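> Sequence below, structure please.
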Amino acid sequence: QVQLVESGGGLVQAGGSLRLSCAASGRPFSTSFSTYTMGWFRQAPGKEREFVARIWSGGGQYYADSVKGRFTVSRDNAKNTVYLQMTGLKPEDTAVYYCAARPNWAPVSREYDYWGQGTQVTVSS
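Predicted structure coming up:
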């Protein structure tokens, strides 16, 4: 059974930091996690889901302008896990954060194939 499980969310004051984790399990991740592009998205109440960051299998990264310089995405292929280190958090970062996966060969326009259930991040002012 394919699973993406996020963890690490919580309540933090503005200016604080959190590190989110996303653990991938099941086929195909058990044998080929390293060949997947991993993405982070978020959805705030009453708003559409938005892209946050992605990391390709080779380690290349791309960020939304709203988080550039504050968030860092990384991956540990040996642990089938992707991370999102968030620093300088702002109240507007409050959202449910989701990780997602798609094959590295897929074009950027393609929807992600697999999604986690999300983890809540709340930033108080």
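
> C-alpha only now, for contacts and for neighbours.
Noted.

> Low-confidence ranges, this structure, go.
In the predicted model of the chain, no residue satisfies pLDDT under 70.

> Tell me where it has strands.
Counting by DSSP state E, the segments of the chain that form strands are 3-7, 10-13, 18-25, 36-43, 50-55, 61-63, 71-76, 81-86, 95-103, 114-115, 119-124.

> Columns mean neighbour count on top of those, output as TSV?
What follows is the strands of the chain, written out as TSV (neighbours: other C-alpha atoms under 10 Å):
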stretch	mean neighbour count
strand 3-7	20
strand 10-13	15
strand 18-25	21
strand 36-43	23
strand 50-55	21
strand 61-63	17
strand 71-76	19
strand 81-86	21
strand 95-103	23
strand 114-115	18
strand 119-124	20
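
> what pairs with the nearest residue to S74 once chain neighbours are set aside across the strands?
If you skip the residues right next to it in sequence, S74 has Y83 as its closest partner in space, 5.2 Å away by C-alpha to C-alpha, 6 or more residues apart in numbering. For Y83, the beta-bridge partners are S21, S74 (DSSP bridges).

> so who does the closest residue in space to A101 that isn't next to it in sequence touch?
Spatially, and ignoring its direct neighbours in sequence, A101 is nearest to M38 (4.6 Å; C-alpha to C-alpha, 6+ apart). By C-alpha atoms under 8 Å, 6 or more residues apart in numbering, the contact set of M38 is R54, I55, W56, S57, V82, C99, A100, A101, R102.

> Between which two of the residues you listed is the distance greatest?
The most widely separated members of the contacts of M38, counting by C-alpha to C-alpha, are S57 and C99 (14.8 Å).

> give me the beta-bridge partners of the residue nearest the centre of the chain?
Against the mean C-alpha coordinate of the chain, by C-alpha atoms, centre = their mean, the closest residue is W40 at 2.6 Å. Counting by DSSP bridges, W40 forms beta bridges with A53, C99.
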